[in-house]
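A.B. asks: Next comes the sequence, and after it the predicted model I'd like to discuss.
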Amino acid sequence: MIREALFADLTEFYIKPHEPETGQTVRLFFRAGKNDDLRVCIHPLTALPQEDIEMARSDRAGDDEIFAWYEVSIEMPGEPLWYYFTVSAGEEFCCYSRGGVVDNTESAAGQPFVLIPGFYTPGWAKGAVCYQIMVDRFRNGDLSNDVRGDEYTYLGKPCGAHKCWDDLPGNEDYRDFYGGDLQGVIDKLDYLKHLGVDVIYFNPLFESPSSHKYDTQDYEHIDPHFGSDELFAHLVEQMHQRGMRVILDGVFNHCGSFNHWLGVETEDEDGAYLNPDSPYRDYFLFTDESAWPRNDSYMKWWDNKTLPKLNYGSEKLRAKILEIAAKWVSPPYSADGWRLDVAADLGMSAEMNHSFWKEFRAAVRKANPDALIIAEHYEDPAPWLGGDEWDSLMNYQAFFDPVSLFFTGMEKHADRWEPDRYRNGYAFALSLLGAGSRLPGPSVEVALNQLSNHDHTRFLTRTNHTEGRLVNRGAAAANDRVSKPVLRAAALFQMAWTGMPGIYYGDEAGVAGWTDPDNRRTYPWGWEDMDLIHFHQLLTYFRHTHPAMMGGSVKILGAGEGWFVFGRFTDDEQVIAAFTVECHQIAEEGLLIPVWQTGAKKDTAFRRILMTDSNSFSLADVMHQQHDGMIRVDMPETGALLLESTEYHFPPAI
């Protein structure tokens, strides 16, 4: 059998309907070589009897020159169905799992496919381009609401108000303000729309004394230094009119010590810090019942006294948080979803955590059935992705980390250089497939795939292969020896890969920075790298105009030392993305790509639509003709290519 021809995934092209309900008839498809005489079966691991269910040859292939299709119909059970495929031809046998072709059932069972009845993610989020904004650092659109330097103290020191927008963050950045606000975002919505942004994910907007606002003082109102509740509703309305969506940051594991529920700094009479009979007493856990008033024994997240951990053993607290969660996704605010901060940390036990997120999903989806729920989580997300808690997550294990290591060799905080992972296409492929197999299909389609964010060193700085942070390297070093060509290549990978690509504000304009707080520099209005912005505009344009890039299947077509290539494809279109990182051999010899594996017909040509190298980028058309299902492309030593399938008739050879 031709093993490279074997393929199935969890997209709508291989499962119909691909987000089935209990009791629905589901058609599962499998692809194989046209001339292979195979017995193809699905092997259920759960929900159905654990025995092979043979698939029949399908007429779906029609006059396909290369592939045969197999299909089987099942009734969707009322519980998750985990399965893999078995394929045999005489004495030859293999299995097919989320990780591809494997030789034994044990390996296949370790990375199975899964269908979860009733689990759907919003259509608007599938493949959408997301843009993350820390409002204080994006744009100042209203000087009247700026923080005054003497307005209040934070951790014993007065808050600072920067008079110069271009000042760099200091080590105590949490008490420094630049004046960015919601009016500034409204003023730049057309810029973001032209950039190709579909969704804005806002870092916390609710009232808080810090600049990062992960210490919520009042969940009921937008911070007055950002604007008003009414202005936020207007912003959402303006975005919806432009076809854009809004994701809010929900910090529900902990609140801030300024919050009137506790009132450490404000010493609210009804706050649980002063008053043991406070109506909010059971919102928190205290270890010393004899320490009132000013009871400092409240449980703190990571022992940070400004971040009191919330007690989800309190039914009253749970009800209040659910009320807040529903409020902001309902009219008149009508946000489109939540990103959940440190979501796995919430509660005092795994049981408490899971029970609350089930309630949270039910409340949010009741208020807004099309709302998206994305969690911050760094470990295995599978326990939360059963269709009744989170939709997906910030995709660290299956995107952020492996992309950083392949293209830069740097751990995401720039704390560690990992030479064994740098340029290692084999390890890159294994990480993408292995960690990715822990996400159900609906979760993959909306996973937030970022190169940078507010918690880690910006990608551009990681391209200098330097370990360090602001405190020991200084701000200037974050810009030393950076490689915009590597950033361009990684951005092309991000926009071509499956999921929801997320741009961290300013990355598209050339902003660098070490990990928190240096990664929270202001957007460089008037100092933007316009070439880099134009490059991102091209990437989002190509993504939006190619269905294969938005929601097609993905197949890795090759990987090696310093190079990587994959295809995206639907029944009607194929797109190829190829990458090199300091790969002198490929630059000299070219790269041979098996485009036949994407379903390209024999007479399909491939047009290069975008190329980036160590100098610049190019839109020059270069046509590639197939020879025995392969094309050979010229690659830069460091860079990337994007190719699209096309009908083109080459002149006959003379």
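C.D. replies: Done, it's in.
A.B. asks: which stretches of the chain have low pLDDT?
C.D. replies: Scanning the chain for pLDDT under 70 picks out 63, 649-654.
A.B. asks: Could you give the backbone dihedrals for the spatially most central residue of it?
C.D. replies: Taking C-alpha atoms, centre = their mean as the criterion, residue 448 is the residue nearest the geometric centre of the chain, at 1.2 Å. Taking degrees, to the nearest 10, you get phi -80, psi 110 for the backbone angles of residue 448.
A.B. asks: For the residue lying closest to residue 27 once chain neighbours are set aside, grab the count of nearby residues.
C.D. replies: Nearest in space to residue 27, with sequence neighbours left out and distances taken as C-beta to C-beta, 6 or more residues apart in numbering, is residue 16 at 4.6 Å. C-betas here are computed from N, CA, C, even on glycine. Residue 16 has 15 neighbouring residues, counting by other C-beta atoms under 10 Å.
A.B. asks: Now do the closest residue to residue 617 other than its chain neighbours against residue 244, distance only.
C.D. replies: Leaving aside its chain neighbours, residue 617 sits nearest to residue 535 (5.6 Å; criterion: C-beta to C-beta, 6+ apart). Using C-beta to C-beta, to the nearest Å, one gets 21 Å for the distance from residue 535 to residue 244.
A.B. asks: which SS state does residue 532 fall under?
C.D. replies: At residue 532 the chain is in helix, as set by DSSP: H, G, I helix; E, B strand; the rest coil.
A.B. asks: show me the contacts for it.
C.D. replies: Shown in contact with residue 532 (C-beta atoms under 8 Å, 6 or more residues apart in numbering): 484, 487, 488, 508, 509, 510.
A.B. asks: does residue 233 sit in a helix or strand, and which one?
C.D. replies: Assigned by DSSP states H and E, residue 233 belongs to helix 229-241.
A.B. asks: got the CA coordinates for that helix in PDB?
C.D. replies: Provided in PDB are the C-alpha atoms of helix 229-241 (Å, rounded to 0.1, in the frame of the first residue of the first chain):
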ATOM      1  CA  ASP A 229     -19.500  51.100  30.200                       C
ATOM      2  CA  GLU A 230     -21.500  53.000  27.500                       C
ATOM      3  CA  LEU A 231     -18.300  53.600  25.500                       C
ATOM      4  CA  PHE A 232     -17.500  49.900  25.600                       C
ATOM      5  CA  ALA A 233     -21.000  49.100  24.300                       C
ATOM      6  CA  HIS A 234     -20.400  51.700  21.500                       C
ATOM      7  CA  LEU A 235     -17.000  50.100  20.700                       C
ATOM      8  CA  VAL A 236     -18.600  46.600  20.400                       C
ATOM      9  CA  GLU A 237     -21.300  48.100  18.100                       C
ATOM     10  CA  GLN A 238     -18.700  49.700  15.900                       C
ATOM     11  CA  MET A 239     -16.800  46.500  15.700                       C
ATOM     12  CA  HIS A 240     -19.900  44.400  14.900                       C
ATOM     13  CA  GLN A 241     -20.800  46.900  12.100                       C
END
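A.B. asks: what sits up against it?
C.D. replies: With C-beta under 8 Å, 6+ apart as the test, helix 229-241 has contacts from 182-183, 185-186, 189, 200, 205, 221-222, 226-227, 245-246, 332-335.
A.B. asks: Narrow those residues to those that are buried.
C.D. replies: Buried subset of the contacts of helix 229-241 (neighbour count, 16 or more other C-beta atoms under 10 Å): 182-183, 185-186, 189, 200, 205, 222, 226-227, 245-246, 333-335.
A.B. asks: in stretch 144-162, what's buried?
C.D. replies: Of the residues in stretch 144-162, those buried (16+ other C-beta under 10 Å) are 145, 146, 147, 154, 159, 160, 161, 162.
A.B. asks: how about those, which pair is most distant?
C.D. replies: Distances among the buried residues of stretch 144-162 were taken as C-beta to C-beta; the most separated pair is 145 and 154, at 18.0 Å.
A.B. asks: how about the residue nearest to the centre of the chain, what does it touch?
C.D. replies: Neighbouring residues of residue 448 by C-beta under 8 Å, 6+ apart: 130, 201, 339, 374, 392, 393, 394, 395, 499, 500, 502.
A.B. asks: neighbouring strands for the strand or helix carrying residue 42, and are they parallel or not?
C.D. replies: Assessed by DSSP H and E, residue 42 sits inside strand 39-44. Here strand 39-44 is paired, per DSSP bridges, with strand 53-54 (antiparallel), strand 81-89 (antiparallel).
A.B. asks: got the contact list for that strand?
C.D. replies: 28, 30, 32, 50-55, 70, 72, 81-89, 95, 105, 108.
A.B. asks: Just the buried ones from these?
C.D. replies: Buried by 16+ other C-beta under 10 Å: 28, 30, 32, 53, 55, 70, 72, 81-87, 89, 95, 105, 108, out of the contacts of strand 39-44.
A.B. asks: Just to check, residue 597 is in contact with residue 5?
C.D. replies: Yes. At 7.2 Å, residue 597 and residue 5 qualify as touching, with contact defined as C-beta atoms under 8 Å.
A.B. asks: between the two, which one's more packed in?
C.D. replies: residue 597 (24 against 19).
A.B. asks: Which elements pack onto the helix or strand hosting residue 585?
C.D. replies: Secondary structure assignment for residue 585, by DSSP H and E: helix 584-589. The helices and strands touching helix 584-589, judged by 3 or more C-beta pairs under 8 Å, 6 or more residues apart in numbering; DSSP states H and E, number zero.
A.B. asks: show me what contacts the residue nearest to residue 450 when sequence neighbours are not counted?
C.D. replies: Counting by C-beta to C-beta, 6+ apart, the nearest residue to residue 450 once its immediate chain neighbours are dropped is residue 502, at 4.1 Å. Going by C-beta under 8 Å, 6+ apart, residue 502 touches 130, 131, 132, 201, 448, 449, 450, 453.
A.B. asks: Next, count neighbours for the nearest residue to residue 79 once chain neighbours are set aside.
C.D. replies: Leaving out its chain neighbours, the residue that sits closest to residue 79 by C-beta to C-beta, 6+ apart is residue 47, at 5.0 Å. Neighbours of residue 47 under the rule other C-beta under 10 Å: 18.
A.B. asks: does residue 47 count as helix, strand or coil?
C.D. replies: What three-state DSSP gives for residue 47 is coil.
A.B. asks: which residues in the stretch 301-450 of the chain form helices?
C.D. replies: 315-328, 350-367, 401-408, 425-436, 441-444 (DSSP state H, counting those that start in this stretch).
A.B. asks: now the shortest one, how far from the chain's geometric center?
C.D. replies: The gap between the average C-alpha position of helix 441-444 and the chain average comes to 11 Å, counting by C-alpha atoms, centre = their mean, to the nearest Å.
A.B. asks: Same check on the first one?
C.D. replies: In terms of C-alpha atoms, centre = their mean, the centre of helix 315-328 is set 26 Å apart from its chain centre.
A.B. asks: Which strands or helices does that helix pack on?
C.D. replies: Packing partners of helix 315-328 (3+ C-beta pairs under 8 Å, 6+ apart): strand 218-222, helix 350-367.
A.B. asks: Now distance to residue 545 too, for the ones you listed, in CSV please.
C.D. replies: Converted to CSV, the helices and strands packed on helix 315-328 look like this (distance: least, C-beta to C-beta, whole Å):
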stretch, distance to residue 545
strand 218-222, 36
helix 350-367, 31
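A.B. asks: wait, which of the ones you listed is closest to residue 555?
C.D. replies: Within the helices and strands packed on helix 315-328, the stretch nearest residue 555 is helix 350-367; the backing value is 32.0 Å (C-beta to C-beta).
A.B. asks: Can you show me the CA trace of the closest one as CSV?
C.D. replies: Only the C-alpha atoms of helix 350-367 are listed here, as CSV (Å, rounded to 0.1, in the frame of the first residue of the first chain):
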residue,chain,number,x,y,z
ALA,A,350,-10.0,19.6,40.3
GLU,A,351,-13.6,18.6,41.1
MET,A,352,-14.4,22.2,42.0
ASN,A,353,-12.6,23.6,39.0
HIS,A,354,-14.5,21.4,36.5
SER,A,355,-17.9,21.8,38.1
PHE,A,356,-17.5,25.6,37.9
TRP,A,357,-16.4,25.7,34.3
LYS,A,358,-19.4,23.5,33.4
GLU,A,359,-21.7,26.1,35.1
PHE,A,360,-19.8,28.9,33.4
ARG,A,361,-20.2,27.5,29.9
ALA,A,362,-23.9,26.9,30.5
ALA,A,363,-24.5,30.4,31.7
VAL,A,364,-22.5,32.1,28.9
ARG,A,365,-24.0,30.0,26.2
LYS,A,366,-27.5,30.6,27.5
ALA,A,367,-26.8,34.3,27.4
